[in-house]
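Undergrad: Based on what follows, work out the 3D shape:
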Amino acid sequence: MGSLYFCNMLKSTLIKAAKASGALIAEKINGKFSIEKKAGPNDLVTEVDKASEALIMDIIRQDFPDHFILSEEIGEVKMDSSYKWIIDPIDGTVNFANGIPLCCVSIGIEHEGEMIMGAVYNPMMNEFFFAEKGKGAFLNDQRLSVSQQDQVIYSCLVTGFPYTYLDMENGPLDVFSRLIRKGIPVRRLGSAAIDLCWVAAGRFDGFYEHKLNAWDSAAGYLMVEEAGGKVTGFKGEKYSPYQPHIIATNGKIHEELIRWINNTHQ
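TA: Numbering: from 1, shown residues only. Now for the predicted structure:
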């Protein structure tokens, strides 16, 4: 990552951007704002998403004007840099638009293809999650550790569903039905970044989802790994935020949850 000074600059800018965006989200959540539809009737973007994104990008550009940026609303701002900021200005926009306080800003920093820092901030709950590669994950300066549950049947899981249903073998409803018919609690919060952070915090034992984008998981998956958990694709392969499938667990139920998702459990 370079010198300690440079790392501290990255961390400082990351925290500043996340907290500034979070303050904006908290200020606007119960106010009036315009809402537009994207790919489907409930795939929303609000003027606050766009304002949050602009605020974050301005802060990053002040300190690192030559860094690559990938953000949900604006897309890619390509630069000749080994550093990439991956931004979701409001993760959980439907929640936000309806005044539901389960939404957050999520920002990850990637260096040469490896996630090195991430911040997820839900200001309505005053929960600021931060992770740095090799240095742990934290919630409001308290170190996080994943849960110790070692059986899926006794686990508390969380998932999400795409706005456009994926009609595939072992699709979102198939897996959900398979789990809940066995009495396994599966929650749906509406924010993948919060889902991942809550796995890192030990509140959930595992999370899976069929269709995510890089900005949904970039910061959160580092949080899980740095809290001692495990993150892979649906077949157990090395995870990349640029693939749609994700399983994130405490590690102890990981292989078993893979079998449940692929319908190969006994």
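
Undergrad: Tell me which stretches of the chain form helices.
TA: 4-28, 47-63, 93-97, 172-180, 192-200, 214-226, 254-261 (DSSP state H).

Undergrad: Now do the contacts for Pro185.
TA: For Pro185, the contacting residues are 155-157, by CB atoms under 8 Å, 6 or more residues apart in numbering. Yep, even glycine has a C-beta here, placed from its N, CA and C like the rest.

Undergrad: Show me which of these are buried.
TA: Taking 16 or more other CB atoms under 10 Å as the criterion, what is buried in the contacts of Pro185 is 155, 157.

Undergrad: What about Asn126, how many residues nearby?
TA: Per other CB atoms under 10 Å, the neighbour tally for Asn126 reads 10.

Undergrad: Likewise for Arg181?
TA: Here the number of neighbours of Arg181 (other CB under 10 Å) works out to 8.

Undergrad: change the start of the numbering to 52 and stick with it
TA: Done: numbering now begins at 52, and the last item shifts to Arg232.

Undergrad: distance of it from Ile204?
TA: With the distance defined as CB to CB, to the nearest Å, Arg232 ends up 12 Å from Ile204.

Undergrad: and what of Ile107?
TA: For Ile107, the distance to Ile204 (CB to CB) stands at 41 Å.

Undergrad: Between the two, which has more neighbouring residues?
TA: Applying other CB under 10 Å to Ile107 and Ile204 shows that Ile107 carries more neighbours, namely 26 against 13.

Undergrad: need the contact list for that one.
TA: Counting by CB under 8 Å, 6+ apart, Ile107 makes contact with 68-69, 71-72, 122, 138, 140, 156, 158.

Undergrad: From what I see, Gly271 and Ser242 are in contact.
TA: No. Checked against CB atoms under 8 Å, the pair Gly271 and Ser242 is beyond contact range at 9.3 Å.

Undergrad: The two: who's more crowded?
TA: Comparing Gly271 with Ser242 by other CB under 10 Å, the one with more neighbours is Gly271, at 36 against 29.

Undergrad: ok, the more buried one to Glu78 distance?
TA: When CB to CB is the yardstick, Gly271 and Glu78 sit 24 Å from each other.

Undergrad: residues in contact with the closest residue to Ser85 other than its chain neighbours?
TA: In space, Ser85 comes closest to Glu98 once its chain neighbours are excluded; the distance is 4.6 Å by CB to CB, 6 or more residues apart in numbering. Listed by CB under 8 Å, 6+ apart, the contact set of Glu98 reads 84-86.

Undergrad: Now stretch 103-112: average pLDDT?
TA: Over the span of stretch 103-112, the pLDDT mean works out to 96.

Undergrad: Identify each buried residue in it, please.
TA: By 16+ other CB under 10 Å, the buried positions in stretch 103-112 come out as 103-108, 110-111.

Undergrad: Off-centre distance for stretch 144-159?
TA: Going by CA atoms, centre = their mean, to the nearest Å, the spacing between the C-alpha centre of stretch 144-159 and its chain's C-alpha centre is 11 Å.

Undergrad: Pull up the distance across that stretch, start to finish.
TA: From its first residue to its last, stretch 144-159 covers 18 Å (CA to CA, to the nearest Å).

Undergrad: and if you look at stretch 276-289?
TA: The separation between the terminal residues of stretch 276-289, taken as CA to CA, is 12 Å.

Undergrad: Might one say that Ile151 is in contact with Gly241?
TA: Yes. Taking contacts as CB under 8 Å, Ile151 lies within contact range of Gly241: 7.2 Å.
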